[in-house]
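J.: Sequence isn't available, so here's the structure alone:
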C-alpha cells in the first residue's frame, strides 16, 4: 500500500485515519524513526512498549502466596 502525505512548515505529517485505526494509534502515542543505511529513507515504528509505571498492577497477586521460608530449595 502506498500512501502520500505532505509535511507542514512545522515538520508535521498527518497519518491517514485507516492507518491509525489499523495500527491502533491514539493521540499522544510515541514513535521511533529509523534511517536506512544510505540515510535516504526511514521507517516509522510506533512505540507500543509500556513503562514500569504503566505495567504496575496488571497482574493479580495469587491467593495463596507461599512465604520464602516455605519454599524448598534444591
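T.: Perfect, thanks for sending it. Note that the structure is predicted; figures quoted are calculated from it, not measured.

J.: What's the local residue count around residue 19?
T.: Applying other Cβ atoms under 10 Å, we find 13 residues neighbouring residue 19. Quick note: C-beta positions are derived from backbone N, CA and C, even for glycine.

J.: Wasn't it part of a strand?
T.: No. Counting by DSSP: H, G, I helix; E, B strand; the rest coil, residue 19 falls outside a strand, being helix.

J.: quick one: the nearest residue to it once chain neighbours are set aside and residue 21, what's the gap?
T.: Nearest residue to residue 19, sequence neighbours excluded (Cβ to Cβ, 6 or more residues apart in numbering): residue 3, at 6.8 Å. Remark: distance between residue 3 and residue 21 (Cβ to Cβ, to the nearest Å) = 13 Å.

J.: what's the answer for residue 1, then?
T.: For residue 1, the distance to residue 21 - Cβ to Cβ - is 14 Å.

J.: repeat for residue 64
T.: Residue 64 is 43 Å from residue 21, by Cβ to Cβ.

J.: where does this protein dip in pLDDT?
T.: By pLDDT under 70, the low-scoring segments of the chain are 49-50, 54, 73-74.

J.: Return the residues in contact with the residue most central in space within it.
T.: What sits nearest the mean C-alpha location of the chain, by Cα atoms, centre = their mean, is residue 48, with 1.0 Å. Going by Cβ atoms under 8 Å, 6 or more residues apart in numbering, residue 48 touches no other residue.

J.: how would you label residue 44: helix, strand or coil?
T.: strand.

J.: ugh, typo on my part, it should be residue 33
T.: strand.

J.: For it, give its distance to residue 64.
T.: 47 Å.

J.: Could you check which of these two has the larger neighbour count?
T.: Per other Cβ under 10 Å, whichever of residue 33 and residue 64 has more neighbours is residue 33, with 8 against 4.

J.: Okay, and the beta partners of that one?
T.: residue 44 (DSSP bridges).

J.: quick one: it and residue 42 touch, right?
T.: Yes. Using Cβ atoms under 8 Å, residue 33 makes contact with residue 42 at a distance of 5.3 Å.
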